[in-house]
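Quick one, what's the 3D model for this:
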Amino acid sequence: MRFTTTSTHVVCLTMEIVGAMAAVIFDYCLTIPQEVQLIWGRKWDVVRVTYTLARHVTLMGTAMTTYAAVTNRSNDTSCVTFNNVSYGLHMTSIIAAEGLLIFRTYAFWHENKKLLKWLLVLAAFSILGAVGVSKVVNTFLLTNPPGTDPTGCVFGSGKGSSIQYGFLINYELVLMILTIYKRFSFYKHVRTPLVTTVYRDGIIYMTCIIMVSFTNIVVALVVPVRF
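I've put the predicted structure just below:
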(Lines give C-alpha, C1' and ligand atoms only; values in the text may rest on other atoms or scores of the structure.)
Protein backbone atom coordinates (compact mmCIF):
# COMPACT_ATOMS: atom_id res chain seq x y z
CA MET A 1 0.00 0.00 0.00
CA ARG A 2 1.46 3.37 -0.98
CA PHE A 3 0.85 6.70 0.71
CA THR A 4 1.46 10.20 -0.44
CA THR A 5 4.05 12.16 1.52
CA THR A 6 1.34 13.95 3.51
CA SER A 7 -0.50 10.71 4.23
CA THR A 8 2.73 9.12 5.48
CA HIS A 9 3.26 12.02 7.89
CA VAL A 10 -0.31 11.67 9.20
CA VAL A 11 0.07 7.91 9.66
CA CYS A 12 3.39 8.33 11.53
CA LEU A 13 1.94 10.98 13.81
CA THR A 14 -1.18 8.94 14.53
CA MET A 15 0.87 5.86 15.40
CA GLU A 16 3.04 7.89 17.77
CA ILE A 17 0.02 9.39 19.56
CA VAL A 18 -1.76 6.04 19.88
CA GLY A 19 1.46 4.45 21.13
CA ALA A 20 1.79 7.12 23.80
CA MET A 21 -1.81 6.54 24.88
CA ALA A 22 -1.15 2.80 25.12
CA ALA A 23 1.92 3.45 27.29
CA VAL A 24 -0.09 5.66 29.65
CA ILE A 25 -2.84 3.03 30.01
CA PHE A 26 -0.25 0.26 30.51
CA ASP A 27 1.50 2.23 33.25
CA TYR A 28 -1.84 3.05 34.85
CA CYS A 29 -2.83 -0.61 35.01
CA LEU A 30 0.55 -1.68 36.40
CA THR A 31 0.34 0.72 39.33
CA ILE A 32 -3.30 0.21 40.36
CA PRO A 33 -2.37 -2.23 43.21
CA GLN A 34 0.06 0.30 44.68
CA GLU A 35 -2.56 3.02 44.42
CA VAL A 36 -5.13 0.92 46.27
CA GLN A 37 -2.61 0.04 48.97
CA LEU A 38 -1.00 3.43 49.52
CA ILE A 39 -3.56 6.05 48.46
CA TRP A 40 -7.08 4.74 48.91
CA GLY A 41 -8.32 5.30 52.43
CA ARG A 42 -6.03 8.30 53.03
CA LYS A 43 -7.64 11.56 54.04
CA TRP A 44 -8.21 14.08 51.27
CA ASP A 45 -5.33 16.41 52.02
CA VAL A 46 -3.41 18.51 49.52
CA VAL A 47 -1.05 15.63 48.70
CA ARG A 48 -3.85 13.22 47.81
CA VAL A 49 -5.66 15.85 45.74
CA THR A 50 -2.44 16.60 43.86
CA TYR A 51 -1.80 12.89 43.30
CA THR A 52 -5.37 12.33 42.06
CA LEU A 53 -5.03 15.17 39.55
CA ALA A 54 -1.67 13.89 38.30
CA ARG A 55 -3.01 10.35 38.07
CA HIS A 56 -6.40 10.78 36.43
CA VAL A 57 -6.27 14.10 34.60
CA THR A 58 -3.29 12.76 32.64
CA LEU A 59 -5.50 9.97 31.28
CA MET A 60 -8.22 12.44 30.29
CA GLY A 61 -5.81 14.80 28.55
CA THR A 62 -4.05 11.99 26.70
CA ALA A 63 -7.40 10.56 25.59
CA MET A 64 -8.46 13.94 24.16
CA THR A 65 -5.14 14.33 22.34
CA THR A 66 -5.49 10.83 20.89
CA TYR A 67 -9.03 11.58 19.76
CA ALA A 68 -7.90 14.78 18.04
CA ALA A 69 -5.09 12.92 16.29
CA VAL A 70 -7.03 9.92 14.99
CA THR A 71 -10.32 11.56 13.96
CA ASN A 72 -11.08 13.65 10.90
CA ARG A 73 -12.36 17.00 12.16
CA SER A 74 -12.14 18.84 8.85
CA ASN A 75 -15.93 19.15 8.66
CA ASP A 76 -16.26 20.64 12.16
CA THR A 77 -16.98 24.35 12.34
CA SER A 78 -14.94 24.96 15.49
CA CYS A 79 -12.68 22.93 17.79
CA VAL A 80 -11.51 25.82 19.97
CA THR A 81 -13.41 24.75 23.08
CA PHE A 82 -12.19 21.17 22.73
CA ASN A 83 -8.60 22.36 22.30
CA ASN A 84 -8.81 24.69 25.29
CA VAL A 85 -10.13 21.92 27.53
CA SER A 86 -7.44 19.53 26.28
CA TYR A 87 -4.73 22.14 26.85
CA GLY A 88 -6.08 22.85 30.33
CA LEU A 89 -6.03 19.16 31.23
CA HIS A 90 -2.45 18.76 30.05
CA MET A 91 -1.32 21.84 31.99
CA THR A 92 -3.12 20.58 35.10
CA SER A 93 -1.51 17.16 34.88
CA ILE A 94 1.97 18.65 34.42
CA ILE A 95 1.52 21.08 37.32
CA ALA A 96 0.18 18.28 39.54
CA ALA A 97 3.11 16.01 38.67
CA GLU A 98 5.53 18.80 39.51
CA GLY A 99 3.58 19.38 42.72
CA LEU A 100 4.29 15.81 43.80
CA LEU A 101 7.99 16.37 43.20
CA ILE A 102 7.81 19.58 45.23
CA PHE A 103 6.28 17.67 48.15
CA ARG A 104 9.00 15.03 47.82
CA THR A 105 11.72 17.67 47.90
CA TYR A 106 9.98 19.44 50.79
CA ALA A 107 9.95 16.22 52.82
CA PHE A 108 13.58 15.49 51.91
CA TRP A 109 14.48 18.92 53.30
CA HIS A 110 12.76 18.20 56.65
CA GLU A 111 9.65 20.23 55.73
CA ASN A 112 11.55 23.49 55.40
CA LYS A 113 8.82 26.14 55.08
CA LYS A 114 11.09 28.72 53.46
CA LEU A 115 12.16 26.23 50.82
CA LEU A 116 8.53 25.31 50.10
CA LYS A 117 7.54 28.95 49.64
CA TRP A 118 10.52 29.54 47.38
CA LEU A 119 9.69 26.50 45.25
CA LEU A 120 6.03 27.53 44.94
CA VAL A 121 6.95 31.08 43.90
CA LEU A 122 9.44 29.73 41.36
CA ALA A 123 6.78 27.33 40.07
CA ALA A 124 4.30 30.17 39.63
CA PHE A 125 6.81 32.25 37.65
CA SER A 126 7.72 29.19 35.56
CA ILE A 127 4.08 28.51 34.69
CA LEU A 128 3.39 32.13 33.80
CA GLY A 129 6.61 32.33 31.80
CA ALA A 130 5.97 29.07 29.95
CA VAL A 131 2.43 30.02 28.94
CA GLY A 132 3.07 33.71 28.29
CA VAL A 133 6.34 33.48 26.37
CA SER A 134 5.12 30.60 24.18
CA LYS A 135 2.02 32.59 23.22
CA VAL A 136 4.16 35.59 22.33
CA VAL A 137 6.47 33.43 20.23
CA ASN A 138 3.57 31.78 18.39
CA THR A 139 1.83 35.12 17.80
CA PHE A 140 4.62 37.52 16.87
CA LEU A 141 7.19 35.17 15.36
CA LEU A 142 4.47 33.56 13.26
CA THR A 143 5.37 29.97 14.06
CA ASN A 144 1.61 29.43 13.97
CA PRO A 145 0.42 32.22 11.64
CA PRO A 146 -2.90 33.72 12.71
CA GLY A 147 -5.75 32.88 10.38
CA THR A 148 -4.19 29.69 9.07
CA ASP A 149 -6.69 27.54 10.92
CA PRO A 150 -9.45 29.68 12.47
CA THR A 151 -11.47 26.59 13.46
CA GLY A 152 -8.61 25.02 15.45
CA CYS A 153 -9.49 21.63 13.99
CA VAL A 154 -6.11 20.96 12.35
CA PHE A 155 -4.06 18.84 14.75
CA GLY A 156 -0.67 20.41 15.39
CA SER A 157 1.52 22.55 17.59
CA GLY A 158 3.73 25.58 17.08
CA LYS A 159 7.43 25.91 17.76
CA GLY A 160 6.54 28.02 20.77
CA SER A 161 5.85 24.77 22.64
CA SER A 162 9.62 24.36 22.95
CA ILE A 163 9.60 27.34 25.32
CA GLN A 164 7.30 25.50 27.70
CA TYR A 165 9.56 22.46 27.79
CA GLY A 166 12.53 24.76 28.44
CA PHE A 167 10.88 26.16 31.57
CA LEU A 168 10.04 22.61 32.67
CA ILE A 169 13.65 21.49 32.29
CA ASN A 170 14.91 24.44 34.32
CA TYR A 171 12.50 23.65 37.15
CA GLU A 172 13.40 19.97 37.10
CA LEU A 173 17.08 20.89 37.34
CA VAL A 174 16.38 23.00 40.42
CA LEU A 175 14.58 20.11 42.13
CA MET A 176 17.29 17.68 41.12
CA ILE A 177 20.09 19.91 42.45
CA LEU A 178 18.25 20.37 45.75
CA THR A 179 17.75 16.60 46.08
CA ILE A 180 21.38 15.78 45.25
CA TYR A 181 22.68 18.46 47.61
CA LYS A 182 20.58 17.23 50.53
CA ARG A 183 21.48 13.61 49.83
CA PHE A 184 25.21 14.19 50.05
CA SER A 185 25.23 16.96 52.66
CA PHE A 186 22.84 15.52 55.25
CA TYR A 187 22.06 11.90 54.30
CA LYS A 188 25.58 11.06 53.22
CA HIS A 189 26.00 8.19 55.68
CA VAL A 190 22.33 7.19 55.86
CA ARG A 191 21.52 3.85 54.24
CA THR A 192 17.88 3.36 55.20
CA PRO A 193 15.53 1.99 52.50
CA LEU A 194 13.29 5.07 52.67
CA VAL A 195 16.09 7.57 52.02
CA THR A 196 17.59 5.38 49.30
CA THR A 197 14.23 4.98 47.54
CA VAL A 198 13.28 8.66 47.75
CA TYR A 199 16.65 9.74 46.41
CA ARG A 200 17.13 7.08 43.72
CA ASP A 201 13.59 7.10 42.34
CA GLY A 202 13.40 10.89 42.42
CA ILE A 203 16.62 11.31 40.46
CA ILE A 204 15.63 8.65 37.91
CA TYR A 205 12.19 10.21 37.43
CA MET A 206 13.49 13.75 37.04
CA THR A 207 16.22 12.58 34.66
CA CYS A 208 13.58 10.92 32.46
CA ILE A 209 11.46 14.09 32.45
CA ILE A 210 14.48 16.21 31.48
CA MET A 211 15.47 13.83 28.67
CA VAL A 212 11.95 13.62 27.24
CA SER A 213 11.48 17.38 27.53
CA PHE A 214 14.77 17.99 25.72
CA THR A 215 13.65 15.60 22.98
CA ASN A 216 10.40 17.55 22.64
CA ILE A 217 12.38 20.78 22.26
CA VAL A 218 14.51 19.26 19.49
CA VAL A 219 11.43 17.90 17.72
CA ALA A 220 9.60 21.23 17.94
CA LEU A 221 12.54 23.21 16.57
CA VAL A 222 14.05 20.83 14.02
CA VAL A 223 11.39 18.49 12.66
CA PRO A 224 9.39 19.91 9.69
CA VAL A 225 6.04 21.48 10.57
CA ARG A 226 4.07 18.84 8.65
CA PHE A 227 5.04 16.29 11.33
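
Where do the helices of this protein begin and end?
Using DSSP state H, the helices found in the chain span residues 5-30, 32-38, 46-52, 58-70, 80-108, 113-140, 161-185, 193-222.

Return the distance of the fourth one from the chain's centre.
A distance of 14 Å separates the C-alpha centroid of helix 58-70 from that of its chain, computed with Cα atoms, centre = their mean, to the nearest Å.

got it, and the fifth one?
If you compare the mean C-alpha spot of helix 80-108 with that of the full chain, they lie 7 Å apart, counting by Cα atoms, centre = their mean.

How about the residue nearest the centre of the chain: what's its closest non-neighbour residue?
Compute the mean C-alpha point of the chain, and by Cα atoms, centre = their mean the closest residue is I94, 4.0 Å away. Excluding the flanking residues, the one nearest I94 by Cβ to Cβ, 6 or more residues apart in numbering is L168, at 7.2 Å. For glycine as for every other residue, the C-beta is placed from the backbone atoms N, C-alpha and C.

M15 versus the one you found, what's the distance?
According to Cβ to Cβ, to the nearest Å, L168 and M15 sit 25 Å apart.

between the two, who's got more neighbours?
Ranked by neighbour count (other Cβ atoms under 10 Å), L168 and M15 place L168 first, with 23 against 12.

Could I get the buried residue list for stretch 43-58?
With burial defined by 16 or more other Cβ atoms under 10 Å, the residues of stretch 43-58 counted as buried are V47, T50, Y51, L53, A54, R55, V57, T58.

Closest one to Y199 out of those residues, please.
For those, the residue nearest Y199 by Cβ to Cβ is V47; the value is 19.0 Å.

per-residue pLDDT, the closest one?
Looking at V47, its pLDDT is 90.

quick one, what contacts it?
L100, F103 (Cβ atoms under 8 Å, 6 or more residues apart in numbering).

how does it look with 7 Å?
Residues in contact with V47 (Cβ atoms under 7 Å, 6 or more residues apart in numbering) are F103.

Give the residue spans of this structure that score low on pLDDT.
The model of the chain has pLDDT under 70 over residues 1-10, 134-150, 152, 156-160, 225-227.

circling back: let me know which of the helices of the chain is the nearest to F155.
Between F155 and the helices of the chain, the tightest spacing by Cβ to Cβ is seen for helix 58-70, at 5.1 Å.
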